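Engineer: Have a look at this prediction, sequence included:
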Amino acid sequence: MTEDRRNLREAVLEAIEALETLEKGRGRPNRYHARALLLPLGELLLSEGASTLDDLMERTRAVTDALGESWREAALGELALAAAEHIHAADPRYLGLENYDFAYTFRARERLEARLAAAGELDLSLPPGLQNEVRAADERLEPHLGRPPGTN
């Protein structure tokens, strides 16, 4: 296992433990708790696949199921914010700017994909309207894929 994957697993475990502590104390998770779990879990899912993460997925599902609607609200809020960042970053008014930071935008899109991968494994997804807006943003960015950093 690479150091990066080990660090991602540790981040997922820390996020699970934080959620378990909230659940035991009858606390409510917020979008920061959701982000702390969805990002590293999603990166692991995208790089390793769900079948290699049975142990993490079992604990994740147990705690998120126990937290119920409060988890769902926190996770969907985090997904919506990440989607909005991507949608706004792909605004055509900005894409033509000489100093537009495509590297940042593409990395933010990768991070959205990681969140969506984890959310999908937890039976969560963006509302259809927001999914359509993300697809439209992807289409606006597609002509810019493969640009060397610092070029426009």
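Structural biologist: Received the coordinates, thanks.
Engineer: what packs against whichever strand or helix holds Tyr104?
Structural biologist: Following DSSP states H and E, one finds Tyr104 within helix 102-121. Packed against helix 102-121 by the contact rule (3 or more Cβ pairs under 8 Å, 6 or more residues apart in numbering; DSSP states H and E) you find helix 31-48, helix 69-89, helix 128-141. All C-beta atoms are positioned from the backbone trio N, CA, C, and that covers glycine.
Engineer: contact partners of that helix?
Structural biologist: Counting contacts by Cβ atoms under 8 Å, 6 or more residues apart in numbering, the residues outside helix 102-121 that touch it are 35, 37-43, 45-46, 50, 57, 75, 78-79, 82-83, 85-86, 89-90, 125-126, 134, 138, 141, 144-145, 147, 149, 152.
Engineer: Under a three-state scheme, what state does the residue lying farthest from the centre of the chain occupy?
Structural biologist: Largest separation from the mean C-alpha position in the chain: Glu98, at 28.5 Å (Cα atoms, centre = their mean). With DSSP: H, G, I helix; E, B strand; the rest coil as the basis, Glu98 sits in coil.
Engineer: for it, phi and psi?
Structural biologist: For Glu98, the backbone dihedrals (degrees, to the nearest 10) come out as phi -60, psi -30.
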